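Engineer: Turn this into a structure:
(one chain, ligands or ions: 1)
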Amino acid sequence: MTQLTDRLGADVIGQLDSTVKIIAQVAVGYDNIDVPAATRRGILVTNTPGVLTETTADFAWALLMAAARRVPEAHNFVHAAKWKTWLIDLLAGQDVYGATLGIFGMGRIGQAVARRARGFKMRILYHDAVRLPADVEQELGASFASKEDLLREADFVSLHVPLLPETRHLIGQAELRMMKPSAVLVNTARGPVVDEAALADALENGRIWSAGLDVFEREPVIEEKLLRLPNVVVAPHIASASIATRKRMSMMAAGNAAAFLNGSRPANPVNPEVLA
Ligand code: GLV
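Structural biologist: Residues are numbered from 1 along each chain as shown. Got it, this is the predicted structure:
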């Protein structure tokens with residue numbers, strides 16, 4: 001059983017004992033595992049989709065709201081005994097209600113984020129490699145947009161893509177330049193989806209307004225500049241960390257391993273061709 005901090009590249013998988021038949025990951029993302037290398041060795045890989053969807057979407061919203069309304073700054077301001085009086089522009093932020101939300105990656109978690117946005121009467125744009133069926137778009141109230149249109153029009157950009165070669169640095173200098181100066185970027189997907197150095201520059205130079213980040217390129221190391229900027233809200237990769245969801249993830253991964261060892265088909269195979 002593995003966690004996302006366990007790097008299982010082709011080199012490690014190549015050295016595994018031949019009795020190893022399954023890698024049961026306790027996470028939905030499995031970019032830490034070289035799945036083709038596992039498949040070549042006949043090793044099944046499983047993950048934990050579904051059980052963390054709502055919890056992760058909740059946290060994307062926590063970061064979105066915190067970054068929009070400067071919650072950590074306000075908290076630190078009060079704690080530092082800087083609050084002397086009410087001021088018309090004290091810690092003024094960005095409105096969420098009625099704004100435009102742009103979602104990259106409209107899978108389970110992206111859709112759960114979109115459902116919450118409807119309560120805030122937001123206009124919802126999304127971009128994904130695959131377009132949703134029309135009835136699902138309609139149910140979510142979400143419109144498909146090109147990457148460029150989404151970046152130009154969104155007040156909030158939230159990332160929900162898996163880390164793949166095609167999504168590495170999906171948000172880099174060019175993309176940040178397309179965003180509004182008032183825009184907020186939220187990343188609860190994977191750190192390398194964003195070029196962290198380019199993001200730090202954009203935040204420092206006011207090219208975008210703020211960011212809410214749960215994931216980083218070199219966890220647990222964070223680009224130093226990001227930690228110095230007031231307009232960045234950071235968390236240590238905890239989007240799925242509710243007590244109940246972390247239990248569900250653990251039980252699901254254990255269930256996958258147990259099913260396999262008992263000769264039945266695990267519920268969440270990533271490379272089911274190994275079972276064929
Ligand atoms: C957490 O990041 C996960 O992929 O489950």
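
Engineer: Show the contacting residues for the nearest residue to L159 once chain neighbours are set aside.
Structural biologist: Nearest residue to L159, sequence neighbours excluded (CB to CB, 6 or more residues apart in numbering): A189, at 4.3 Å. All C-beta atoms are positioned from the backbone trio N, CA, C, and that covers glycine. By CB atoms under 8 Å, 6 or more residues apart in numbering, the contact set of A189 is G29, G105, L159, H160, V161, P162, L163, T167, V215.

Engineer: if you set the cut-off to 6 Å instead, what comes out?
Structural biologist: A189 makes contact with L159, H160, V161, according to CB atoms under 6 Å, 6 or more residues apart in numbering.

Engineer: and the residue nearest to the last one when sequence neighbours are not counted, how far is that from I33?
Structural biologist: What it means is V161. In space, V161 comes closest to G105 once its chain neighbours are excluded; the distance is 3.5 Å by CB to CB, 6+ apart. Plainly put, G105 is 19 Å away from I33 if you go by CB to CB, to the nearest Å.

Engineer: So the two - more neighbours on which side?
Structural biologist: I33 (25 against 22; other CB atoms under 10 Å).

Engineer: M65: which element?
Structural biologist: Here M65, judged by DSSP states H and E, is contained in helix 53-68.

Engineer: gap between that helix and the chain center?
Structural biologist: Put simply, helix 53-68 sits 10 Å off its chain's centre (CA atoms, centre = their mean, to the nearest Å).

Engineer: repeat for stretch 36-49
Structural biologist: Taking mean C-alpha positions (CA atoms, centre = their mean), stretch 36-49 and its chain are 22 Å apart.

Engineer: okay, that stretch in PDB with CA atoms only?
Structural biologist: C-alpha atoms of stretch 36-49 as PDB (Å, rounded to 0.1, in the frame of the first residue of the first chain):
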ATOM      1  CA  PRO A  36       3.100   1.400 -17.600                       C
ATOM      2  CA  ALA A  37       6.100   0.000 -15.700                       C
ATOM      3  CA  ALA A  38       3.800  -1.800 -13.200                       C
ATOM      4  CA  THR A  39       1.700  -3.100 -16.100                       C
ATOM      5  CA  ARG A  40       4.800  -4.500 -17.800                       C
ATOM      6  CA  ARG A  41       5.600  -6.400 -14.600                       C
ATOM      7  CA  GLY A  42       2.000  -7.600 -14.300                       C
ATOM      8  CA  ILE A  43       1.400  -5.600 -11.100                       C
ATOM      9  CA  LEU A  44      -2.000  -4.200 -10.600                       C
ATOM     10  CA  VAL A  45      -2.300  -0.600  -9.400                       C
ATOM     11  CA  THR A  46      -5.500   0.600  -7.600                       C
ATOM     12  CA  ASN A  47      -6.500   4.100  -6.400                       C
ATOM     13  CA  THR A  48      -9.300   5.600  -4.300                       C
ATOM     14  CA  PRO A  49     -11.600   7.600  -6.500                       C
END
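
Engineer: Can you give the contact residues for that stretch?
Structural biologist: With CB under 6 Å, 6+ apart, stretch 36-49 has contacts from 10, 13, 22-25, 28, 30, 33, 35, 249, 252-253, 256, 266, 268-271, 274.

Engineer: low pLDDT regions in the stretch 51-200 of the chain?
Structural biologist: Low-confidence segments of the stretch 51-200 of the chain (pLDDT under 70): none present.

Engineer: How many neighbouring residues does V71 have?
Structural biologist: 17.

Engineer: The ligand: which of the contacts of A189 is nearest?
Structural biologist: H160 (11.0 Å; CB to the nearest ligand atom).

Engineer: which residues touch the closest one?
Structural biologist: G105, I109, G110, A189.

Engineer: which one is the residue of the stretch 101-250 of the chain found nearest the ligand nearest to, not counting chain neighbours?
Structural biologist: The stretch 101-250 of the chain approaches the ligand most closely through S240 (5.2 Å), counting by CB to the nearest ligand atom. Leaving aside its sequence neighbours, S240 sits nearest to L52 (CB to CB, 6+ apart; 3.9 Å).

Engineer: Which residue ranges of the stretch 1-150 of the chain form helices?
Structural biologist: 10-15, 35-40, 53-68, 71-79, 108-118, 134-140, 147-153 (DSSP state H, counting those that start in this stretch).

Engineer: What lies in contact with the last one?
Structural biologist: Applying CB under 6 Å, 6+ apart, the external contacts of helix 147-153 come out as T100, G102, L125, H127, E175, M178, M179.
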